[in-house]
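A.B. asks: got a predicted structure here, sequence first:
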Amino acid sequence: MTDWGQNLATMRRNAPLVQNITNYVAMNVMANVMLAAGASPAMVHAEEEVAEFAGFTPALTINIGTLSGAWVRSMLLAAKTASARGTPWVLDPVAAGATTFRRETAAALVALKPTVIRGNASEILALSGAGAAGKGVDAADAVGQAEAGARTLARATGSVVAVTGAVDFVTDGTRAFHIANGHATMPLVTALGCSLTGIVGAFLVGQPPLEATVAALAYYGLAGECAAATAKGPGSFATAFVDALANLTPAEVSARARVTQA
Ligand SMILES: Nc1ncnc2c1ncn2[C@@H]1O[C@H](COP(=O)(O)OP(=O)(O)O)[C@@H](O)[C@H]1O
Ligand SMILES: Cc1ncsc1CCOP(=O)(O)O
Ligand SMILES: [Mg+2]
């Protein structure tokens, strides 16, 4: 049995710098989530410096949540630099099926070979060509509906594909896992999906992509379970969740990760 807590221990030992090009909604939440977990986030997206930073960061995440032309130019520059250097990078295709602009931007980024693509079921369905629009940034489909599409997308791109929801699904196109950790309050707090993308980026440093992604999702979902034990609603859940990310130990993750082969 894989010891998923070891991946958390490795991430904390590395305390990796992670460059994030993320959306206006997520920036603060994501930085706090990443710091609590033990990573070192930097939100760097200006066209003038994005490639230079991507030239030395050990991991990069790109999130299309609040797009404009300038953001897209920055994203493409950073992704090209990461791909050329072999730097692990994660794509978060927020609301990828909602508009033509998002569909085209997501497709251009997928072509630059993200190490991991992490999205909700509707987003992964949209990327896999199923035409799902989602409900804005929220999922309108169940994870199970996106699993075949995720496998196809992973085989077509060479990326690890992570579909999150009630029970997460992660595949490299050959192997696949379900992660049953998590809590129903998580989608009621904005930017927790975006922030998870940053956590996946931190876990990727020096670790194999499929295992790193599964471990990141188990740890994150488990923090949600811990937060729910004391929270009175989404507001106090958000605070308790950041505390749980900081307080969870690798041993607790090893003992409580609910990961099965799919
Ligand atoms: N109904 C649910 N029950 C348990 N965990 C959930 C549920 N929905 C989402 N999660 C968890 O919330 C986190 C963010 O996933 P998700 O809500 O799918 O992302 P996004 O915000 O990008 O749509 C993941 O850890 C996922 O496992
Ligand atoms: C509400 C919203 N609008 C554009 S990006 C964003 C945040 C989405 O965050 P998440 O995908 O983590 O729910
Ligand atoms: Mg999202």
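C.D. replies: Here it is on my side, so go on. Residues are numbered from 1 along each chain as shown. Ligands and ions are numbered 1, 2, ... in the order given.
A.B. asks: tell me the residues of this structure that contact ligand 1?
C.D. replies: By the rule Cβ under 6 Å from any ligand atom, the part of the chain lying against ligand 1 is 120, 139, 164-166, 168, 182-184, 186-187, 192-193, 196, 217, 220-221, 224. Yep, even glycine has a C-beta here, placed from its N, CA and C like the rest.
A.B. asks: got a PyMOL select line for the buried ones in the residues you listed?
C.D. replies: Buried members of those, defined by 16 or more other Cβ atoms under 10 Å, are picked up in PyMOL with:
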select buried, resi 120+139+164+165+166+168+182+183+186+187+192+193+196+217+220+221+224
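A.B. asks: show me what residue of the protein gets nearest to ligand 3.
C.D. replies: Relative to ligand 3, the nearest point of the chain is G193 (3.3 Å; Cβ to the ion).
A.B. asks: please identify which helix or strand holds that residue.
C.D. replies: Assigning secondary structure by DSSP states H and E places G193 in helix 192-204.
A.B. asks: H178 too?
C.D. replies: Using DSSP H and E, H178 falls within strand 176-179.
A.B. asks: that strand pairs with which strands?
C.D. replies: When pairs are called by DSSP bridges, strand 176-179 turns out to pair with strand 168-171 (antiparallel), strand 259-261 (antiparallel).
A.B. asks: check whether the first one contacts ligand 2.
C.D. replies: No: among the residues of strand 168-171, none lie within reach of ligand 2 under Cβ under 6 Å from any ligand atom; the closest is 13.9 Å away.
A.B. asks: contact partners of that strand?
C.D. replies: Strand 168-171 has contacts (Cβ atoms under 8 Å, 6 or more residues apart in numbering) with 143-144, 146-147, 150-151, 154, 160-163, 176-180, 182, 210, 213-214, 217, 221, 262.
A.B. asks: and those residues, which are buried?
C.D. replies: Among the contacts of strand 168-171, those buried by neighbour count (16+ other Cβ under 10 Å) are 143, 146-147, 150-151, 154, 160-163, 176-179, 182, 210, 213-214, 217, 221.
A.B. asks: which ones among these lie within helices?
C.D. replies: Judged by DSSP state H, the buried ones among the contacts of strand 168-171 include 143, 146-147, 150-151, 154, 210, 213-214, 217, 221 as members of helices.
A.B. asks: between the residues you listed, which sits nearest ligand 1?
C.D. replies: G221 (4.7 Å; Cβ to the nearest ligand atom).
A.B. asks: quick one: that closest one and A184 touch, right?
C.D. replies: No: with contact defined as Cβ atoms under 8 Å, G221 does not count as touching A184 (11.3 Å).
A.B. asks: how about the residue of the stretch 1-150 of the chain at minimum distance from ligand 1: what's its closest non-neighbour residue?
C.D. replies: Proximity to ligand 1, evaluated over the stretch 1-150 of the chain using Cβ to the nearest ligand atom, is greatest for N120 at 3.5 Å. Spatially, and ignoring its direct neighbours in sequence, N120 is nearest to A139 (3.8 Å; Cβ to Cβ, 6 or more residues apart in numbering).
A.B. asks: who are the contact partners of that neighbour?
C.D. replies: Contact analysis of A139 by Cβ under 8 Å, 6+ apart lists 120-123, 165, 187.
A.B. asks: just flag the most distant two among those residues.
C.D. replies: Using Cβ to Cβ, these span at most 13.0 Å, a distance reached by E123 and P187.
A.B. asks: and the closest residue to P114 other than its chain neighbours, helix, strand or coil?
C.D. replies: Excluding the flanking residues, the one nearest P114 by Cβ to Cβ, 6+ apart is L91, at 4.0 Å. L91 carries the three-state label strand when classified by DSSP: H, G, I helix; E, B strand; the rest coil.
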